[in-house]
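Undergrad: no sequence for this one, just the structure:
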Ligand code: NG6
Ligand code: CA
């Protein structure tokens, strides 16, 4: 009886705490390829991340925070649309000339916050395509972020290893000169075009697989391009550019509630941090890029403080997929790893549906509103749409944000608040899947990893069973397949997985 009364009280408290709409500034900071074990506050010893650790100390650090996929494009698609990426074909890693994947008219995190009165911007990596049917690099680059709810963007169009290495400022390539047009393609523009194969000996960072087409800044890339010389960036300057743009934008919009999606390219390959960070860790450029990311976060927090916005600003830290060591370049990430464990206690990493692929750092910071601590609730980047809609008092149409759960009370750390009761994790295309329900994890393996990427130095036998079952708290590394011992649980979880795949929506 006592317990029931207490529970009723909690429910009442949870509801009443969430009743009135609140419109704090919202800054979502997404790192690229950052693993669960890569930050000090998640156990890293060989790399120091004081700014992120401070956010974790003052905020809520999740031990079961996820992104929805183990590559970039599908995770970002789900973050913005609140819908599992497997529901829309063609949402795997986007190529240099890929079209806008989120169609104008789609409800997004940005568009729903705009309805709540927010000014919105995205700064950093986009990788969700531009234009329709393809980007017009020398003309207007639309549709893009500005057609789905963002008021402003300064973008790296795809990835730093994909051509072209230019900034997109709202609808145009920044600093492009009309007499030197940008031509982007997937074939060499001429037989004598220098590539990472023909001019390999001139490269300042060698490739291990792929990344041997057009050379820019002494580094081979994916795809070919010519022209746009005055528009091209130096890899070393990316973090400074994003950070300066973000802090300035925050200052300019300090009076309105704002939503900033800060999408760092760190720590994606080619890892080429600014000279002042090079050599700052014993881990090589992979570690140095983590330090650079931490610096960016610190600068953003400082801008929030300087504008006196700390108690009015919710900052969320996450990653777009798990870690990878060798993702195509020779940068000593493997050789200098030492005891560092990029995926923490988990197996797998980028490209994988084992926990290392999607369980990533996840920190929520909002001084005065969030009780500092550690939460074991299951939350995912896909949930930001429904959660922030609930916080800001926006209602979502039925056909929008199909898989986003409102976990706002859990994100705020309200005592007794629950996260997700289930979560589907996907690889790049949704071929391999993971389903977490409580402490149980079902893995559906249709395809063995074909990628040459090295995600981990920990040995784990490749299991071949189509369906595997693991108990996460007893076996976080997913080593002991219990599927043969628990056929009924496996059946039930397969049925749940199929229902998620087939029913079209899982938003409660
Ligand atoms: C892969 C690239 C890898 C990385 C990845 C996308 C090769 C051999 N590998 O195809 O280097 O760019 O795509 O990464 O080209 S993500 O983080 O944006 O998803
Ligand atoms: Ca990534």
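TA: Arrived safely, thanks for sending. Nothing here was measured: the structure is a model prediction, and the numbers come from that model. Residues are numbered from 1 along each chain as shown. Ligands and ions are numbered 1, 2, ... in the order given.

Undergrad: so after the lowest-mean-pLDDT helix or strand in the chain, what's the next helix or strand?
TA: Each helix and strand of the chain was given a mean pLDDT (mean pLDDT, DSSP states H and E); the minimum falls on helix 2-18 at a mean of 48. Following helix 2-18 in sequence order, the next helix or strand is strand 25-31 (DSSP states H and E).

Undergrad: what stretches of the stretch 1-150 of the chain score poorly on pLDDT?
TA: 1-19 (pLDDT under 70).

Undergrad: how many other residues sit next to the closest residue to ligand 2 within it?
TA: For the stretch 1-150 of the chain and ligand 2, the shortest gap (C-beta to the ion) falls at residue 72, measuring 3.7 Å. Every C-beta, even on glycine, is put in place using the N, C-alpha and C of the backbone. Other residues within reach of residue 72, judged by other C-beta atoms under 10 Å, total 28.

Undergrad: Isn't it up against residue 161?
TA: No: contact criterion C-beta atoms under 8 Å: residue 72 and residue 161 do not qualify, at 11.2 Å.

Undergrad: So what's the residue count around residue 90?
TA: Count around residue 90 with other C-beta under 10 Å applied: 13.

Undergrad: Can you check my assumption that it lies in a helix?
TA: No: counting by DSSP: H, G, I helix; E, B strand; the rest coil, residue 90 falls outside a helix, being coil.

Undergrad: ok and the residue in the chain nearest ligand 1?
TA: Among the residues of the chain, residue 210 lies nearest to ligand 1; the distance is 2.7 Å by C-beta to the nearest ligand atom.

Undergrad: Before we move on, what's the pLDDT of that residue?
TA: Note for residue 210: predicted pLDDT of 98.

Undergrad: for it, what are its contacts?
TA: The contact partners of residue 210, by C-beta atoms under 8 Å, 6 or more residues apart in numbering, come to 222, 328.

Undergrad: so which helix or strand takes in it?
TA: With DSSP H and E as the test, residue 210 turns up in no helix or strand.

Undergrad: cool, and residue 498?
TA: Assigned by DSSP H and E, residue 498 falls in helix 487-503.

Undergrad: which helices and strands sit right next to that helix?
TA: Applying 3 or more C-beta pairs under 8 Å, 6 or more residues apart in numbering; DSSP states H and E, one finds that helix 487-503 contacts strand 422-426, strand 433-437, strand 440-444, strand 467-471.

Undergrad: Report the angle between that helix and strand 433-437.
TA: 110 degrees (axes from the mean of the first three to the mean of the last three C-alpha atoms, to 10 degrees).

Undergrad: Just say helix, strand or coil for residue 251.
TA: Residue 251 - assigned by three-state DSSP - is helix.

Undergrad: What count of nearby residues applies to it?
TA: 13.

Undergrad: Any idea how many residues pack against the residue lying closest to it once chain neighbours are set aside?
TA: Distance criterion C-beta to C-beta, 6 or more residues apart in numbering; nearest residue to residue 251, sequence neighbours excluded, is residue 307 at 5.8 Å. The number of residues packed near residue 307 is 18, by other C-beta under 10 Å.

Undergrad: ok, now which ones touch residue 307?
TA: By C-beta under 8 Å, 6+ apart, the neighbours of residue 307 are 250-251, 254.

Undergrad: Could you give the backbone dihedrals for it?
TA: Backbone geometry at residue 307, expressed as degrees, to the nearest 10, gives phi -90, psi 10.

Undergrad: who in this structure is up against ligand 2?
TA: Contacts of the chain with ligand 2, taken as C-beta under 5 Å from the ion, map to 32-33, 72, 320-321.

Undergrad: Top of the residues you listed by number of neighbours, please.
TA: Going by other C-beta under 10 Å, residue 321 tops these with 31 neighbours.

Undergrad: hang on, that one packs against residue 69?
TA: Yes: between residue 321 and residue 69 there is a contact under C-beta under 8 Å: 6.5 Å.

Undergrad: How are the strands of the stretch 101-250 of the chain distributed by residue range?
TA: Counting by DSSP state E, counting those that start in this stretch, the stretch 101-250 of the chain has these strands, from start to end: 119-125, 152-156, 168-169, 172-173, 183-185, 215-216, 219-220, 224-226.

Undergrad: Can you show me the helices along the stretch 151-300 of the chain?
TA: 238-252, 285-306 (DSSP state H, counting those that start in this stretch).

Undergrad: ignore the last one, the stretch 301-450 of the chain
TA: Using DSSP H, counting those that start in this stretch, the helices of the stretch 301-450 of the chain run over 355-358, 384-392, 408-411.

Undergrad: Return the most buried member of those helices.
TA: Across the helices of the stretch 301-450 of the chain, averaging neighbours per residue (mean count of other C-beta atoms under 10 Å) puts helix 355-358 on top, at a mean of 32.

Undergrad: Relative to residue 476, how far out is the spatially closest residue to residue 343 that is not a sequence neighbour?
TA: Excluding the flanking residues, the one nearest residue 343 by C-beta to C-beta, 6+ apart is residue 356, at 3.4 Å. Using C-beta to C-beta, to the nearest Å, residue 356 is found at 10 Å from residue 476.

Undergrad: joint contacts of the two?
TA: residue 346.

Undergrad: Near ligand 1, which residues of the stretch 101-250 of the chain are found?
TA: 127, 159, 161, 209-211, 222 (C-beta under 6 Å from any ligand atom).

Undergrad: let's see 8 Å
TA: Residues of the stretch 101-250 of the chain that fall close to ligand 1, judged by C-beta under 8 Å from any ligand atom: 125, 127, 158-159, 161-162, 209-211, 222.

Undergrad: I'd like those as JSON lines, with distance to residue 50 appended.
TA: What follows is those, written out as JSON lines (distance: C-beta to C-beta, whole Å):
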{"residue": "125", "distance to residue 50": "24"}
{"residue": "127", "distance to residue 50": "29"}
{"residue": "158", "distance to residue 50": "31"}
{"residue": "159", "distance to residue 50": "28"}
{"residue": "161", "distance to residue 50": "29"}
{"residue": "162", "distance to residue 50": "32"}
{"residue": "209", "distance to residue 50": "35"}
{"residue": "210", "distance to residue 50": "35"}
{"residue": "211", "distance to residue 50": "32"}
{"residue": "222", "distance to residue 50": "34"}
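
Undergrad: Alright, that wraps it up for me.
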